[in-house]
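Trainee: prediction below, plus the sequence it came from.
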Amino acid sequence: MPARVHAIIVARPGSSARAQLLRTLDALRSQTTPPAAITLVMCGDAASARESGAIASSVEGIIQARGSTSFADAVELARPRVLEGSAVWLLAHDTAPHERALERLVGTLERSPSAAIVAPKLVQTDNDREIVSLGLSMTTLGRAVELAAGELDQGQHDGSDDALGADIRGMLIRSEVRDALRPDPALAGADQGLDLGVRARLGGGRVVLAPSARVSVSPDGPGALPTARGRRAFATRLAQLHRRLVYAPAIAVPFHWLSLLPLALWRSMTDLVSKRPEAVAPEWAAAVTAMFRFGAIARSRARIRSFRTSSWSSIAPLRVSSSDLRRRLDDGHGSEGGAASELRFFSGGGAWAVLGALVVSLATFTMVLAWPVLGGGALLPMRETVGALWSDAAWGLRGLGVDVVGPADPFAGVLAVLGSLWPGAPSFSLVLLWVLALPLAVLGGWFAATRVTDRAGLRIFAGIVWALAPTFLTALVDGRPAGVLVHLLLPWLFHAAAVSHRSWGAAGAASILFAAVAACAPSLAPALLLLWVVALGITLSGARIRGAVRLLWVPVPAVALFAPLVLWQLSRGDLLSVLADPGAVWNGPQATGDAAGRLALATGFPTSDMAGWASWLGVEVAPWVGVLLAPLALLALASSVAPRWRAGVTLLVVALAGLATAFLAVGIAVSFAQGVPVAIWPGSGLSLAWVGVTGAALVTLDTALSMPRVRVLSAAVAALSIAVCAVPALAAFHADSSQLRDGPASTLPAYVAAQAGADRQTGTLVLTPQNDGGLATEVAWGGSETLSAQTTILSTATEMRGADLTTLAVDLLSARDFDAADELGNTGISYVLVAQVSGEESDRARSLRTAAVTSLDQRAGFVQAGSTDRGVLYRLEAEASPRDPLSSAQQATARLVITIQLVLVLAALLLSVPTRASRRAARARSRIVGLAPEEPLVLPRHPEDREGPDDHEDPRASLNDAGAPAADGTTGDGSSDAQETDAHREQDERSDHDR
C-alpha cells in the first residue's frame with residue numbers, strides 16, 4: 001500500500017467554482033482514507049482562497065498561476081511539493097470523490113502490481129446515476145473513444161477493469177512512475193488521460209479501472225474538455241492529429257504532416273454531408289495548428305522514448321476497430337421502408353397522377369419528341385458541348401459582343417446543369433423538358449402538398465392544380481424556358497424551405513433551390529427575400545436559434561451567384577437591371593399595365609388573351625374566364641378562418657407577395673429587343689402566387705371541411721374548373737396557335753455553323769436593318785446564337801458594352817474607302833451576315849438591306865458565301881485574328897469569383913445529400929408543417945440516432961460493452977438533425993494509418 005497519497009487540485013476563480021471547490025474539499029475530508037497532503041493550484045487570483053479559512057486550513061499549500069494555465073501545467077507547478085514515495089491523485093475544483101473513493105482506488109493499486117494508473121468511475125454531480133466516463137480507448141487513427149459515457153449506471157460496467165486510458169479527473173498515479181507519467185500540456189481534458197494510459201502501457205504498466213470508486217464531476221471544470229461546441233471540436237480534433245504525429249514512426253511523420261490539409265478538406269466535405277457545418281472551421285483550425293506545433297510534437301515524442309519499454313503492438317488489443325463502431329450503427333435492416341410507407345406515393349395514387357400527366361403531355365406535344373431542337377418564342381439552341389455550356393456560366397468573355405468581359409447570368413448555370421443531363425446533344429434537353437414538364441409539375445405539386453396534408457386525394461388534387469396553372473401552360477405554349485423552369489422548381493423550394501429550420505439537409509436543399517429559382521426569375525428575388533425575412537423572424541420569435549442559423553444559410557448560394565452581376569450593374573448605376581429576365585429577350589404577348597392587363601393578372605393569367613381563351617370566345621368575353629378560378633380562390637381565402645389558420649394566413653401572404661411581384665413586373669422594362677423595351681415577364685410572380693393559393697386551398701380542404709362528401713365535392717369543382725380553363729392552352733399546339741417550332745440547329749447560316757463546329761470561337765457580325773431606318777448590330781461567337789450565351793449585361797445595356805462596332809458597321813455600308821476587312825479581322829470577326837428584321841419588313845428596312853448587300857459586294861476583302869433564309873452571308877478573305885484572351889487581372893478575378901461560387905454551391909450540395917441517419921431523423925418529425933402544436937413523432941430509438949449536430953457536444957464516439965447507444969439530448973427548437981458517427985469518419989481516413 002502506498003505510504004502517502006498527495007492530492008493535487010486545480011481550480012479556477014469564480015463564485016460557482018468556489019462553491020464547487022468547498023464541496024470537493026469537504027469530500028476529501030470525509031474520505032475513509034484521506035490523502036496525506038492536498039495542494040491547491042489556483043489558475044487566477046488566489047487571494048480569496050488564501051483568505052478563506054475553510055480552504056486554507058484544508059490544504060498544505062496554495063500555488064497561484066496565470067488564468068490561462070492549462071491543467072497539465074498546473075499539475076506540473078505542484079509536482080515539486082509532492083514528497084518522494086507519494087502517489088499523485090489528480091483532481092479539479094469540480095471533482096467531488098464519494099466517501100470511499102480513495103480507499104478503493106488505493107486498494108486497487110495495491111492489488112494490481114502492474115497497474116501504473118487507477119481510474120475511478122466519473123458520474124454527474126447532479127445525477128450520480130449517470131456515467132460521465134469510465135475508460136477510454138482509441139481507434140487506429142487516433143480518435144478517442146469513450147467506453148462508457150452518458151449511460152444510466154446499473155452496474156453493467158462494474159466488471160471492467162482494463163482499459164487503454166481514462167479521463168484524467170480522479171486518476172491515481174503510482175509513486176514509482178509519477179515522474180515519467182506527467183500530463184502532456186499539448187492535450188486537454190480526457191485526451192490527457194488517454195495519452196497517460198498509452199505511455200503507461202508502453203512503459204510496461206497498465207490502466208486499471210475501479211468502478212466502485214465514484215467521483216462526481218461537472219462538465220465545465222479545468223480538467224474537462226471545453227463546453228463550447230466549436231472549442232470542444234477543435235480540442236478533440238487537435239488531440240487526434242497530435243497523437244497521430246507523436247505516435248507515428250519517425251519516417252512516417254512527414255507523410256502525416258503533408259496529409260493534414262488534404263484530410264481537412266476531405267473531412268470538411270464529410271462534415272457537410274453529415275449535416276455538421278459547425279465542425280468545418282474547427283477542423284481547419286486544428287489542422288493548421290497541428291502543422292506548426294513542432295516543439296510540442298518533439299517534446300511529446302521525447303517523453304515516450306524516455307519511458308518506453310514495450311512495443312506498440314502491446315496497445316493494439318485495447319484499440320477500438322472500425323467494425324466495433326459500425327456494429328453499433330447497423331440496425332440489421334437498413335433505413336428504407338418507413339419513408340416510402342409514410343409518403344404513400346404509389347399506394348396513395350401519386351404515381352398514377354404523374355403517369356396520367358405524362359399521357360396528357362404526349363398527347364399535347366405529339367410531334368415535339370421528333371424535333372432535335374426546340375424553337376420559337378424565347379427559345380434558342382444550346383451549345384454543342386457541355387464544356388461550352390459551363391464556360392458560358394463562368395465569369396469571363398461573354399458569347400455576344402466584342403471584348404465584353406464580365407459576370408455570367410446565374411441562369412446560364414441552370415442551363416449548364418440542364419444541358420449536362422443530355423451531353424450528346426444539349427439542345428435536346430429542352431425538348432425533353434417540354435415533354436416531361438406536365439408530369440414533373442404534377443410530381444412537384446404532389447410533394448409540395450405533403451407539407452400541408454396527409455390525405456392522398458388532396459395531394460393528387462394539388463399536383464393537378466399545380467400542373468394546370470395558367471401561367472405554366474402559357475409559358476409552355478409561348479416557349480419561355482425560364483418561366484417553365486421557375487414553375488417546376490417552386491414546389492420543391494416550398495417543400496424544402498418549409499422545414500429548413502429543422503435540419504441542415506433541408507436548409508442545404510432549400511438554398512440550392514432558392515438560388516435556382518432566383519436565377520430563372522430574378523424578379524422573384526425581392527419577394528423570396530421578404531418571405532425569408534418573415535420566416536426568420538417567426539423562427540427567432542420562438543427562440544429557435546439553431547433553426548434561425550439554418551435559415552440564414554438559405555440565401556447564401558444565391559447571393560454568391562448574383563454578387564458579381566449585382567456589383568457589375570451597380571458600378572454602372574443600373575442596379576434595377578439585375579431583375580431583368582435572363583435568356584433571350586422576346587417581345588412576346590404578355591399582360592400590360594392597362595385595365596385589361598391588370599384584370600388578367602388579378603385572375604392569374606400572365607397574358608391578356610387569358611391563356612388562349614380570347615381566340616376561342618373573343619376579346620370581350622374572354623375576361624369572364626377568370627370565374628373558373630373562383631372556386632380555388634374561395635377555398636384559399638377560407639383558410640384564414642380554418643382550424644390551421646396560421647398556416648393558411650402564411651400561405652396567403654405568399655400569394656400576395658407573388659401577386660404584387662406580377663403587378664410590379666409589368667411596369668418595369670429594363671431589357672431591350674432590337675431597341676424595343678420589353679417588360680419583365682409577370683408569369684414568375686403568378687407562379688409564386690399559385691403556390692400560396694394552392695397551399696391555402698389545401699389547408700381549407702384538409703381541416704375546415706370536416707365532412708368527406710363536402711371535401712370531395714369542393715375539390716372536384718375546383719379541379720374541374722381549372723381543367724376546363726386549361727383546354728385552349730393544351731390544344732394550342734395542335735391548333736397551330738403555339739409559338740413552338742421545330743427550331744433550327746443554328747440561328748446563323750449553315751456555312752457558319754459548319755465552320756464553327758464544336759463551339760469554336762468564330763465571330764459573326766450580324767447587321768439587321770430596322771423598320772425605322774436604323775441598323776442593329778450584334779456579334780455572335782460560335783456556330784449560333786445560343787440560349788446560355790445570352791447575358792443581361794448586354795440585353796439591358798443603355799450604352800455600348802465592350803468594343804464599339806457601331807461606327808465600323810455604318811462605315812462598312814457607306815462609301816468611305818478603308819480596309820474594312822482588316823479592321824473586322826483584328827476584332828476576331830470572320831463573317832458578316834446582313835439579316836432581315838423579324839416580322840413584316842418596312843420599305844426603309846428593305847432599302848437599307850439592299851444597300852448594305854450592294855456595298856459589301858463592292859468592298860475588297862469580302863466574299864459572298866451565299867444567300868440564305870437568314871440573310872446574305874459574307875466571309876473575310878483573310879484569316880481573322882484569334883479572339884483576345886483575358887488579361888492577367890481578369891483571369892485572377894475569374895478564378896476568385898469561380899472559386900467562391902463553387903465552394904459555396906458545393907457546400908450546399910453536400911449539406912443537401914441525404915444520409916441514412918438524416919432520413920431516420922426526418923421520419924421522427926411530421927412531414928406536415930403548421931400543425932398546432934407541432935409535435936415530433938415518437939419512434940423507437942436507434943443507435944445511429946445517438947447524437948446530432950444540435951445535441952452533439954463531444955465529437956468522440958461512445959462505446960459500451962453491450963453496444964448500447966449513449967444517452968442524448970434534444971435541441972432547443974426540437975430539431976433532430978442526424979449525423980454520421982465516427983465509424984464513418986474512420987472509413988474516410990482508412991488510407992491514413994497511425995502506428
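Mentor: That came in fine, so what should we check first?

Trainee: just give me the longest strand of this protein.
Mentor: Ordering each strand of the chain by length in residues (DSSP state E) puts strand 206-217 first.

Trainee: that strand - contacts with which helices or strands?
Mentor: Helices and strands touching strand 206-217, by 3 or more CB pairs under 8 Å, 6 or more residues apart in numbering; DSSP states H and E, are strand 96-97, helix 101-111, strand 115-124, strand 162-163, helix 190-202. Every residue, glycine included, has its C-beta placed from N, CA and C.

Trainee: chain center to the last one: distance?
Mentor: Here the centre of helix 190-202 is set off from its chain's centre by 39 Å, with CA atoms, centre = their mean, to the nearest Å.

Trainee: repeat for the first one
Mentor: Taking CA atoms, centre = their mean, one finds strand 96-97 lying 46 Å from the centre of the chain it belongs to.

Trainee: check which strands are paired with that strand and give the direction for each one.
Mentor: Here strand 96-97 is paired, per DSSP bridges, with strand 206-217 (antiparallel).

Trainee: only alpha carbons, please: show the partner strand as PDB.
Mentor: Taking Å, rounded to 0.1, in the frame of the first residue of the first chain, the C-alpha atoms of strand 206-217 are listed here in PDB:
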ATOM      1  CA  ARG A 206      -1.400  -0.600 -17.400                       C
ATOM      2  CA  VAL A 207      -4.500   1.400 -16.600                       C
ATOM      3  CA  VAL A 208      -6.800  -0.300 -14.200                       C
ATOM      4  CA  LEU A 209     -10.400   0.800 -13.800                       C
ATOM      5  CA  ALA A 210     -12.000   0.900 -10.300                       C
ATOM      6  CA  PRO A 211     -15.800   1.200 -11.000                       C
ATOM      7  CA  SER A 212     -16.600   1.100  -7.300                       C
ATOM      8  CA  ALA A 213     -14.600   4.300  -6.700                       C
ATOM      9  CA  ARG A 214     -17.000   7.000  -7.800                       C
ATOM     10  CA  VAL A 215     -16.200  10.700  -8.400                       C
ATOM     11  CA  SER A 216     -18.800  13.300  -9.200                       C
ATOM     12  CA  VAL A 217     -17.800  15.800 -11.800                       C
END
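
Trainee: next helix or strand past that strand?
Mentor: Counting by DSSP states H and E, the next helix or strand C-terminal to strand 206-217 is helix 229-247.

Trainee: what are the buried residues along the helix or strand just after that next one?
Mentor: The element immediately downstream of helix 229-247 (helix or strand, assigned by DSSP H and E) is helix 253-258. Neighbour-count burial for helix 253-258, with 16 or more other CB atoms under 10 Å as criterion, is recorded at 253, 256-257.

Trainee: what residue ranges in the stretch 701-850 of the chain score low on pLDDT?
Mentor: The model of the stretch 701-850 of the chain has pLDDT under 70 over residues 758-759.

Trainee: of the buried residues of helix 253-258, which is the nearest to Ser274?
Mentor: Taking CB to CB as the measure, Ser274 lies nearest His256 of these, at 23.5 Å.

Trainee: looks like the closest one contacts Val246 (just checking).
Mentor: No: under the criterion of CB atoms under 8 Å, His256 lies out of contact with Val246, with a separation of 10.0 Å.

Trainee: reformat the helices and strands packed on strand 206-217 as CSV; add mean pLDDT and mean neighbour count.
Mentor: As requested, the helices and strands packed on strand 206-217 are arranged in CSV below (pLDDT from 0 to 100; neighbours: other CB atoms under 10 Å):
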stretch, mean pLDDT, mean neighbour count
strand 96-97, 94, 26
helix 101-111, 92, 20
strand 115-124, 93, 26
strand 162-163, 90, 18
helix 190-202, 90, 26
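
Trainee: Gly67 is nearest to which of the ones you listed?
Mentor: In terms of CB to CB, the element of the helices and strands packed on strand 206-217 nearest to Gly67 is helix 190-202, at 19.2 Å.
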